[in-house]
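# model this:
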Amino acid sequence: MPDLTIPDWACPVAGFRSRKAAQICAYFAVENGGTIEKLKLIKLVYLSERTFLSEYHHPMLFDELYSLPHGPVCSSTLNGINGLIHGELWDNFIARNGNIVVAIKRFDRQSFDEISDAEFDVLSRTWNQFKDYTASQLRNHTHEHCPEYQETERSRIAISYERIFEAIGAENPRDIARDIREMIEFEGMMA
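Below you'll find the predicted structure:
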């Protein structure tokens with residue numbers, strides 16, 4: 001049964017890992033001293049997802065990806081950060097204060113039980129690579145270094161998994177994307 005408190009446009013796809021996404025957001029906030037700008041956070045999440053896709057040909061979050069005016073995003077993750085979906089779950093990990101995201105406590109590795117060791121490694125490397133970037137610098141980085149991103153001034157444009165795999169130079173991007181779509185369809189049937 002659909003959650004009637006979530007606007008139709010914000011409903012995540014079947015298989016979206018909301019608890020994992022909340023933990024990833026809390027991880028980056030903790031690494032940044034407990035608080036982080038929302039724009040910087042969503043770019044770190046996207047870049048982590050992109051790296052994981054590149055290395056494992058499998059998504060961490062099973063999120064929908066979009067080009068927005070400020071760059072590519074993991075859409076349902078952004079909706080979680082904004083408090084639009086699964087608030088009771090997200091509130092266990094982060095709080096929001098305008099454009100600032102706050103980890104609700106100083107979590108340790110064991111607190112992030114949804115994040116695998118391989119995923120944690122990608123998150124850690126992403127943090128180490130981009131921790132000194134400002135939100136604007138990260139925004140610009142994604143515009144310049146993520147060829148799957150399409151400029152848009154007002155709307156959102158879907159980024160397919162196939163487009164990402166093409167952009168990162170994976171062999172057989174169509175086949176990899178098809179496998180991911182089949183996993184998402186299976187999750188939908190199980191829901």
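# now do whichever strand or helix holds Ser67: which elements does it pack against?
Following DSSP states H and E, one finds Ser67 within strand 65-68. Judged by 3 or more Cβ pairs under 8 Å, 6 or more residues apart in numbering; DSSP states H and E, strand 65-68 is in contact with strand 71-74, strand 157-159. C-beta coordinates here come from the backbone N, C-alpha and C atoms, glycine included.
# quick one: which of those is nearest Thr134?
Smallest distance to Thr134 across the helices and strands packed on strand 65-68 (Cβ to Cβ): 13.5 Å, for strand 71-74.
# show me what the closest one pairs with in its sheet, parallel or antiparallel.
Here strand 71-74 is paired, per DSSP bridges, with strand 65-68 (antiparallel).
# need the contact partners of the strand it pairs with.
For strand 65-68, contacts defined as Cβ atoms under 8 Å, 6 or more residues apart in numbering pick out 46, 49, 72-75, 148-152, 156-161, 164.
# the residues you listed, buried ones only, as a PyMOL selection?
Of the contacts of strand 65-68, the buried ones go into a single PyMOL selection, burial set by 16 or more other Cβ atoms under 10 Å:
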select buried, resi 46+49+72+73+74+75+148+149+159+160+161+164
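# roughly how far is stretch 150-165 from the heart of the chain?
Between the centre of stretch 150-165 and the centre of its chain there are 14 Å (Cα atoms, centre = their mean, to the nearest Å).
# now the helices for the chain?
Ranges of helices within the chain are 18-31, 38-56, 75-81, 87-90, 117-130, 135-145, 161-167, 173-190, based on DSSP state H.
# could you check the pLDDT of the closest residue to Arg109 other than its chain neighbours?
Distances taken as Cβ to Cβ, 6 or more residues apart in numbering place Phe120 nearest to Arg109, at 7.2 Å, with adjacent residues excluded. The confidence metric pLDDT takes the value 98 at Phe120.
# can I assume Phe120 is in contact with Glu114?
No - the criterion here is Cβ atoms under 8 Å, and Phe120 misses it with Glu114 at 10.4 Å.
# re the thing from before, as a markdown table, the helices and strands packed on strand 65-68 with distance to His57 and mean pLDDT would be great.
As requested, these are exported to a markdown table (distance: least, Cβ to Cβ, whole Å; pLDDT from 0 to 100):
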| stretch | distance to His57 | mean pLDDT |
| --- | --- | --- |
| strand 71-74 | 17 | 96 |
| strand 157-159 | 16 | 95 |
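# take those strands and write them to JSON lines, including distance to Phe107.
Shown next, in JSON lines, are these (distance: least, Cβ to Cβ, whole Å):
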{"stretch": "strand 71-74", "distance to Phe107": "20"}
{"stretch": "strand 157-159", "distance to Phe107": "29"}
